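S.K.: this is a predicted model, with the sequence first.
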Amino acid sequence: MVGGNSNRVDVTNHDVDHVKVSIPPLSNHLQSIEIHKVCLPPNKTTFQTLKHRLSEIFFPDDPLHKFKNQTFYKKLVLGLEYFFPIFLWAPHYSFKLFRSDVISGLTIASLAIPQGISYAKLANLPPIIGLYSSFVPPLLYALLGSSRHLAVGPVSIASLVMGSMLEESISPTENPEIYLSLAFTATFFAGVFQASLGLLRLGFIIDFLSKATLIGFTAGAAIIVSLQQLKGLLGIVHFTTKMQFVPVISSVFHEKNEWSWHTIVMGLSFLVFLLTARQISMRKPKLFWISAAAPLTCVLISTLIIFIFKAQIKGISTIGHLPRGVNPPSANMLYFHAPYLGLALKTGIITGILSLTEGIAVGRTFASLKNYQVDGNKEMVSIGVMNMAGSCTSCYVTTGSFSRSAVNNSAGAQSAVSNIVLAATVLVTLLFLMPLFYYTPNVILGAIIITAVIGLIDYQAAVKLWRVDKLDFIACLCAFFGVLFISVQIGLAIAVGVSVFKILLNVTRPNTVILGNIPGTHIYQNLRRYGEASRIPFFLILGIESPIYFANSTYLQERLLRWVREEEEWIQTNKGSPLKCVILDLTSVSAIDTSGLETIVELRRTLEKRSLQLVLVNPVGGVMEKLCRSKVLESFGTSGLYLTVGEAIADLSATYKAQLYLP
């Protein structure tokens with residue numbers, strides 16, 4: 001099949017023939033090497049190829065594998081377990097697990113109740129909405145969710161973004177009813193968007209929010225949130241509604257005459273207490289309960305102080321009356337007509353993406369710690385349904401909270417029953433304990449918010465980004481300063497833009513390397529990376545580390561020709577052997593399109609005009625298939641395609657060496 005100096009390409013079957021090729025001494029390890037055929041992948045129709053691609057995109061986890069070869073009854077049971085995970089673990093639930101879940105549920109309730117009230121104010125919503133949002137969503141998640149440790153409720157980032165986006169167009173104080181309707185409508189759209197992503201298995205869309213982007217975004221948002229709380233900590237009545245750094249700081253000092261020393265003393269005292277409790281729990285994880293109980297402790301103590309000394313302490317604003325009772329229906333308040341429909345839709349999508357990203361990330365984090373799996377698409381559906389139902393029951397956007405989930409895990413949660421206990425505790429509060437919050441000072445809510453969001457400033461992660469990937473660090477800074485000085489949504493848009501730019505940069509300007517042989521082996525690696533690697537006389541070996549698409553084909557052609565020019569200059573300077581062949585290692589080229597095929601043809605023609613041969617090495621199955629179907633390989637002749645770089649050099653070097661001695 002293969003003999004002498006030629007290399008045969010088998011395009012009809014998958015057999016591998018080989019033959020010994022002996023050449024004049026070039027190097028000891030190349031004196032005898034087997035030359036193998038490069039085979040085509042198994043034949044597939046266009047429909048089969050498309051089906052495989054779509055399956056890999058939308059069903060990488062093969063969610064239906066459990067249903068194969070099962071009876072109808074078994075499939076029905078598996079279907080219920082798939083869509084309602086509670087049926088999966090409930091039959092094995094025990095009193096021992098329940099005891100752990102009760103403890104963890106009561107623990108996170110002590111944190112969720114004050115946080116719910118605080119985050120509702122952060123979104124410019126009535127405080128009671130925060131409690132409503134800590135009742136219905138946890139119940140639904142316990143039924144639909146697949147995470148055992150995710151604690152559901154309002155979160156700071158989604159609250160901040162919703163509040164800032166809605167407030168730009170409508171005032172929560174001048175038009176409270178319309179504002180509340182838009183908040184519920186945005187929550188509904190967030191749920192629809194989230195559930196749609198899960199049902200259509202389009203979760204990869206949220207991957208455009210890179211880790212670097214989220215680090216910068218959350219840090220900037222945390223600072224803005226903290227600065228906004230200066231209104232409550234200082235007792236300022238007339239405060240800016242803007243969410244940028246400069247206007248907030250300006251407002252603080254322009255309204256110095258409104259500062260209340262009673263409020264300042266109380267706020268700073270409880271803030272120090274909360275931060276101290278947080279530090280204790282961080283340094284000694286076994287004392288997690290101190291940090292978890294601190295917010296509710298602050299609420300109780302401060303409320304008691306205001307109630308006892310209300311005559312002596314003046315100027316400290318309180319929450320006031322909160323209605324008693326469970327969530328009232330709000331489906332009739334959803335707003336689906338002009339002029340604010342676009343605002344609600346935009347707010348819903350952005351808050352939906354942010355809350356979905358946080359919820360899935362938190363769920364997967366604790367699942368990996370406890371050695372079980374969380375289905376991302378099922379989580380999207382459960383969070384989406386949770387928000388759609390919540391929008392009809394006076395709740396605003398909710399998801400899994402990192403702080404509450406961490407407390408839930410530390411408290412020993414064993415299943416989603418901890419969310420049921422949380423909801424039950426909130427229900428008791430709504431029915432019987434609402435009058436107790438009448439004297440709760442707003443300054444305490446500000447202190448709780450600052451303590452909660454300060455943990456979002458992860459400077460160590462930013463330092464790591466700087467050390468590892470400068471472009472990721474730039475994306476982080478863009479998100480950070482965009483949020484801090486422009487707006488929350490513009491900062492997020494800038495950060496996503498930088499992330500997309502990074503993707504385009506990697507696609508349109510892929511890396512190309514020159515390869516050399518590591519002495520004594522058949523291994524060829526980057527000359528600049530491996531100092532011991534050496535050039536092979538007559539050959540220039542180049543590697544492409546990306547797919548070849550229309551977006552980068554022109555660049556690759558120009559860059560490869562530049563490599564050839566630089567190699568010829570190096571040979572001339574170092575008086576080396578004349579360049580005879582350019583070997584293109586396609587090992588890392590995972591795909592190629594028609595523009596890429598045309599680039600290879602043009603590159604071969606250009607090199608032929610300069611008396612240089614182009615040789616292709618080790619194309620992957622998809623690339624090999626397109627090279628054959630396009631008949632590009634026909635122009636390369638019998639010695640234009642090899643399985644490895646070593647085989648190409650072994651087969652061709654004898655010819656080039658012999659040409660040197662021709663008269």
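M.R.: Received the coordinates, thanks. Just so you know, these numbers come straight off a predicted model, no measurement behind them. Residues are numbered from 1 along each chain as shown.
S.K.: from now on I want contacts and neighbour counts done on CA atoms only, so please keep to that.
M.R.: Will do.
S.K.: what's around residue 399, how many residues?
M.R.: Look at residue 399: counted by other C-alpha atoms under 10 Å, it has 30 neighbours.
S.K.: ok, it to residue 137 distance?
M.R.: Distance from residue 399 to residue 137, counting by C-alpha to C-alpha, to the nearest Å: 8 Å.
S.K.: so what sits against both of those two?
M.R.: 152-153 (C-alpha atoms under 8 Å, 6 or more residues apart in numbering).
S.K.: ok so residue 33 is a strand residue?
M.R.: Yes: per DSSP: H, G, I helix; E, B strand; the rest coil, residue 33 lies within a strand segment.
S.K.: so it makes contact with residue 649?
M.R.: No: with contacts counted by C-alpha atoms under 8 Å, residue 33 stays clear of residue 649, the gap being 9.9 Å.
S.K.: where does residue 543 land in three-state SS?
M.R.: At residue 543, secondary structure determined by three-state DSSP is strand.
S.K.: break this protein into its domains for me.
M.R.: Domain ranges of the chain: 108-457, 510-660, per automatic domain parsing.
S.K.: tell me which other helices or strands the strand or helix carrying residue 115 touches.
M.R.: Here residue 115 sits within helix 95-122, counting by DSSP states H and E. Applying 3 or more C-alpha pairs under 8 Å, 6 or more residues apart in numbering; DSSP states H and E, we find helix 95-122 packed against helix 127-132, helix 156-167, helix 288-308, helix 402-410, helix 417-428, helix 442-454.
S.K.: count of neighbours near residue 418?
M.R.: So residue 418, with other C-alpha under 10 Å, has 35 neighbours.
S.K.: list the contacts of it.
M.R.: Neighbours of residue 418 in contact, by C-alpha under 8 Å, 6+ apart: 101-102, 104-106, 151, 408.
S.K.: neighbour-wise, which of those residues leads?
M.R.: Highest count within the contacts of residue 418 by other C-alpha under 10 Å belongs to residue 151, 35 neighbours.
S.K.: do you know the pLDDT at residue 585?
M.R.: We note a pLDDT of 93 for residue 585 in this prediction.
S.K.: quick check: it touching residue 614?
M.R.: No: counting by C-alpha under 8 Å, residue 585 sits too far from residue 614 to count as a contact (10.8 Å).
S.K.: could you dump the helices and strands packed on helix 95-122 into TSV with distance to residue 186 and mean pLDDT added?
M.R.: Compiled in TSV, the helices and strands packed on helix 95-122 are given as follows (distance: least, C-alpha to C-alpha, whole Å; pLDDT from 0 to 100):
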stretch	distance to residue 186	mean pLDDT
helix 127-132	14	94
helix 156-167	8	87
helix 288-308	29	85
helix 402-410	22	78
helix 417-428	23	93
helix 442-454	23	80
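S.K.: out of those helices, deepest packed?
M.R.: Stretch with highest mean neighbour count among those: helix 127-132 (a mean of 26; mean count of other C-alpha atoms under 10 Å).
S.K.: contacts for that helix?
M.R.: Looking at helix 127-132 with C-alpha under 8 Å, 6+ apart, the contacting residues turn out to be 113, 115-121, 154, 319, 322-323, 326-327, 393-396, 426, 430.
S.K.: run a quick neighbour tally on residue 655.
M.R.: Using other C-alpha under 10 Å: residue 655 sits among 13 other residues.
S.K.: need the pLDDT of it.
M.R.: pLDDT at residue 655 comes out at 73.
S.K.: now do the SS call for it.
M.R.: Per three-state DSSP, residue 655 ends up helix.
S.K.: and what of residue 146?
M.R.: Assignment for residue 146 (three-state DSSP): coil.
S.K.: quick one, phi/psi of it?
M.R.: phi -110, psi 0 (degrees, to the nearest 10).
S.K.: ok, it touching residue 380?
M.R.: No: assessed by C-alpha under 8 Å, residue 146 is found out of contact with residue 380, at 10.4 Å.
S.K.: so residue 151 sits against residue 137, correct?
M.R.: No: Residue 151 is beyond contact range of residue 137, at 10.1 Å (criterion: C-alpha under 8 Å).
S.K.: just to revisit the earlier point, from the contacts of residue 418, which two are the most distant?
M.R.: The largest separation in these, counting by C-alpha to C-alpha, is between 102 and 151 at 13.2 Å.
S.K.: excluding chain neighbours, what is closest to residue 553?
M.R.: Excluding the flanking residues, the one nearest residue 553 by C-alpha to C-alpha, 6 or more residues apart in numbering is residue 596, at 5.4 Å.
S.K.: actually residue 462, not the one I wrote
M.R.: Counting by C-alpha to C-alpha, 6+ apart, the residue nearest residue 462 is residue 473, at 6.7 Å.
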